[in-house]
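Visitor: Any chance you could fold what I've pasted below:
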Amino acid sequence: YYRLLAHRYLPQDLHRILYLDADLLCINDLMPLYNVDLSGYMYASAIHTNLTNATDVINKIRLQNFDADGYYNSGVLLMNLDEIRQRVEPTDIFNYIRDHILLLPDQDVLNALYGKYIRSVPDELYNFDVRNLRIYETISMGKCTLDWVMKNTVILHFCGRQKPWLVTTNHGKFTALYKNYYQMMSTISKN
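Guide: Numbering: from 1, shown residues only. Model (predicted):
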């Protein structure tokens with residue numbers, strides 16, 4: 001839950017911060033995301049694309065957050081620390097945790113308590129779920145191919161249990177892409 005309480009520990013003169021999960025790969029410039037206008041919002045985050053909105057409806061009922069645009073993924077969070085400092089109280093978070101059954105703990109709390117204060121950003125750019133390439137391709141009418149992803153997507157998210165750095169994982173194209181970036185970075189760090 002530390003990302004929900006980060007504002008309590010970060011310096012007061014820091015006004016925004018970009019939180020990134022450890023299972024991400026940044027392949028393009030982060031600055032367009034970092035510079036998103038957060039006026040009136042506490043966070044910017046992405047709702048993962050799917051072919052139906054059934055999951056969003058279930059989560060809205062489960063979390064009772066009908067004002068939110070959908071169920072936001074907490075793996076990439078641009079934080080407006082000034083707004084968060086005004087609105088987020090640790091006791092609200094702790095009470096919610098104590099009183100509810102949570103499936104994805106920090107993400108459920110983020111969505112339930114603050115979903116209506118989140119600015120939505122496109123997941124195909126800023127939180128691309130590598131498990132769902134075919135869904136992205138289908139929804140985009142074939143535009144969102146691997147070549148498009150490499151040129152346009154900023155953040156790849158290796159959601160779930162399969163991670164490209166584990167020997168037993170095979171994500172096909174995205175495992176190869178991860179290994180290519182890993183090899184490039186290893187070469188750069190040696191020089």
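Visitor: Ser140 touches Asp123, doesn't it?
Guide: No - at 11.7 Å, Ser140 and Asp123 do not qualify as touching, with contact defined as Cβ atoms under 8 Å. Backbone N, C-alpha and C define where each C-beta goes, glycine included.
Visitor: For these two, indicate the residue with more neighbours.
Guide: More crowded of Ser140 and Asp123, by other Cβ atoms under 10 Å: Asp123, with 23 against 13.
Visitor: and the nearest residue to that one once chain neighbours are set aside, how far is that from His157?
Guide: Of all residues not flanking Asp123 in the chain, Ala46 sits nearest, at 3.7 Å (Cβ to Cβ, 6 or more residues apart in numbering). Ala46 sits 9 Å away from His157, going by Cβ to Cβ, to the nearest Å.
Visitor: What of Met150?
Guide: 15 Å.
Visitor: of those two, who's got more company?
Guide: The neighbour count for Met150 versus His157, taken as other Cβ under 10 Å, is higher for His157 (24 against 13).
Visitor: chain center to the strand ranked longest in the chain, what's the gap?
Guide: Longest strand of the chain, by residue count under DSSP state E: strand 72-80. Strand 72-80 has its C-alpha centroid displaced from the chain centroid by 5 Å (Cα atoms, centre = their mean, to the nearest Å).
Visitor: So which elements touch it?
Guide: strand 16-20, helix 31-34, strand 43-47, helix 105-114, strand 155-157 (3 or more Cβ pairs under 8 Å, 6 or more residues apart in numbering; DSSP states H and E).
Visitor: Return the set of buried residues in the second one.
Guide: The neighbour-count criterion (16 or more other Cβ atoms under 10 Å) identifies Leu33 as the buried residues of helix 31-34.
Visitor: as a whole number, average confidence for that helix?
Guide: Across helix 31-34, pLDDT averages out at 98.
Visitor: pull the CA atoms of that helix into PDB?
Guide: The C-alpha coordinates for helix 31-34 follow below in PDB (Å, rounded to 0.1, in the frame of the first residue of the first chain):
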ATOM      1  CA  MET A  31       7.900  12.700 -20.700                       C
ATOM      2  CA  PRO A  32       4.500  12.900 -22.500                       C
ATOM      3  CA  LEU A  33       3.000  10.800 -19.600                       C
ATOM      4  CA  TYR A  34       4.900  12.700 -16.900                       C
END
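Visitor: I'd like to know which elements that helix is packed against.
Guide: Against helix 31-34 (3+ Cβ pairs under 8 Å, 6+ apart) you get strand 16-20, strand 72-80.
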